[in-house]
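Participant: please find the sequence and the predicted model below.
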Amino acid sequence: MARPLIARRMAFLAAVLAMLGLQSDPAAAGCNSGDVADSDLLSSANCEASAPGSGALAVGTDASAQGDQTTALGSEAGGLGSTGTRNTWTGRSAGQQVDGNNNTASGFFSGFNVEGDSNAAFGEVAGQNVFGSRNTANGASSGTTVFGDSNTASGYLSGRSVTGSSNAGFGHSAGELVTGDRNTASGYLSGGVVMGNSNAAFGDSAGQFVTGSNNVAMGLAAGSNITASNTVSIGTGALASADGATAIGLNSQATGTNAIAIGSGAVATGSRGRQCGGRFQRRRCLRRFHHRNGHEQHRHRPERDGDACQRRRLR
């Protein structure tokens, strides 16, 4: 008895709403469109959403899904003649002027002018002007003007103006203006203006302006302005500026080829120079031995210079 009573009440309520003109319009009418038989869903004078592609869907004022299996969600999403297929755009003006395929953009004006394939952009104005493929941008204004492939940018303004491939930038403005390949930067303004390959920078402003390859920089402003390769700079302001050099410690410097400077303010110059603490050149911190006729003979005499250890070659 209860069910027939409920049904009669629902029918009565529907009749009242119809007489009052309060019944709701179809949910997909107006600004919604899709590749369906009902022409009312394809476009509207009020919204003019368009989805002529096979399996396409457009939702929002002036949203457009021209390519097959393309989805445009948001006002003006997929507009300005985007023709790629299997793209997904979410957000106002997202995915405009796109010729590439299999791209994804989410955020206001993200994914604008993309010619490459399989790119992903998340954030306001992210992933604009991308001509390479398989790039990922996560963060407002990240990953813009990218010509290379397989680059990753995460953070506000990260990974902009990149022509190299397989680079990664994590942090505010990390990994900008990179022309080399396989470089990694983590930290504010780290790894910017890098022309070499396979460099790694970790820390605020670390590893900037690098033209060499295979360099490692860790610490605030460490390992910047380097033209050499195969260097290691660890510590705030540490700088190993010659091939194969290593500088470890606050403001330590290793300017000679294969030189090693260890300690705060340490400076090692000259080929294979060594320094532990203090300020002196070509310090020998490791004692060498020479074996002759089965007997051990010292080739270097130890000297003390503050807290440093020096070995001076005997003539």
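Facilitator: Here it is on my side, so go on.
Participant: and the helix or strand containing A247, which strands flank it?
Facilitator: A247 belongs to strand 246-248 when elements are defined using DSSP states H and E. Sheet partners assigned to strand 246-248 using DSSP bridges are listed as strand 232-234 (parallel), strand 260-262 (parallel).
Participant: out of these, which is closest to N225?
Facilitator: If you check each of the strands paired with strand 246-248 against N225 by CB to CB, strand 232-234 wins as the nearest, at 10.6 Å. Every C-beta, even on glycine, is put in place using the N, C-alpha and C of the backbone.
Participant: and after that closest one, which helix or strand comes next?
Facilitator: Where DSSP H and E defines the elements, the next helix or strand beyond strand 232-234 is strand 239-240.
Participant: elements contacting that following strand?
Facilitator: Under the contact criterion of 3 or more CB pairs under 8 Å, 6 or more residues apart in numbering; DSSP states H and E, strand 239-240 touches strand 232-234, strand 246-248, strand 253-254.
Participant: go through those and pick out the most buried.
Facilitator: Highest mean neighbour count of the helices and strands packed on strand 239-240: strand 253-254, a mean of 28 (counted as mean count of other CB atoms under 10 Å).
Participant: count of neighbours near A140?
Facilitator: Neighbourhood size, A140 [other CB atoms under 10 Å]: 17.
Participant: same thing with the one 10 residues further on?
Facilitator: Using other CB under 10 Å, the number of residues around S150 comes to 17.
Participant: quick one: it from T83, how far?
Facilitator: Distance of S150 to T83, given as CB to CB, to the nearest Å: 24 Å.
Participant: can you read off the pLDDT for the residue lying closest to T144 once chain neighbours are set aside?
Facilitator: Closest residue to T144 apart from its sequence neighbours, by CB to CB, 6 or more residues apart in numbering: Q128 at 4.6 Å. Looking at Q128, its pLDDT is 98.
Participant: does Q128 really touch G111, like I thought?
Facilitator: Yes - counting by CB atoms under 8 Å, Q128 touches G111, with 7.1 Å between them.
Participant: show me the common contact partners of those two, please.
Facilitator: Shared contacts of Q128 and G111 (CB atoms under 8 Å, 6 or more residues apart in numbering): A121.
Participant: the more surrounded of these two?
Facilitator: G111 (36 against 23).
Participant: is that one in a helix, a strand, or coil?
Facilitator: Recorded secondary structure, G111: coil (DSSP: H, G, I helix; E, B strand; the rest coil).
Participant: so what's D68 up against?
Facilitator: Residues in contact with D68 (CB under 8 Å, 6+ apart) are 53-56, 85-86.
Participant: state the distance from the nearest residue to F147 once chain neighbours are set aside to N101.
Facilitator: Nearest in space to F147, with sequence neighbours left out and distances taken as CB to CB, 6+ apart, is T163 at 4.5 Å. Distance, T163 to N101, using CB to CB: 22 Å.
Participant: then A247?
Facilitator: Per CB to CB, A247 is found 47 Å from N101.
Participant: how about F209?
Facilitator: Counting by CB to CB - F209 and N101 are separated by 37 Å.
Participant: mind checking which of those two has more residues around it?
Facilitator: Higher neighbour count among F209 and N101: N101, with 20 against 14, using other CB under 10 Å.
Participant: surely the more buried one meets T85?
Facilitator: Yes - look at N101 against T85 with CB under 8 Å: they come within range, at 5.0 Å.
Participant: between the two, which contacts overlap?
Facilitator: Joint contacts of N101 and T85 (CB under 8 Å, 6+ apart) are G67.
Participant: which of the three states applies to R8?
Facilitator: Reduced to three states by three-state DSSP, R8 is helix.
Participant: show me the strands in the stretch 51-200 of the chain, by range?
Facilitator: Under the criterion DSSP state E, counting those that start in this stretch, the stretch 51-200 of the chain contains strands at 57-59, 71-73, 88-90, 104-106, 120-122, 136-138, 152-154, 168-170, 184-186, 200-202.
Participant: can I get those strands in TSV with distance to V216, mean pLDDT and mean neighbour count?
Facilitator: Listed next are these as TSV, based on distance: least, CB to CB, whole Å; pLDDT from 0 to 100; neighbours: other CB atoms under 10 Å:
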stretch	distance to V216	mean pLDDT	mean neighbour count
strand 57-59	48	93	25
strand 71-73	43	95	26
strand 88-90	38	96	25
strand 104-106	33	97	24
strand 120-122	29	98	25
strand 136-138	24	98	25
strand 152-154	19	98	25
strand 168-170	15	98	26
strand 184-186	10	99	25
strand 200-202	5	99	24
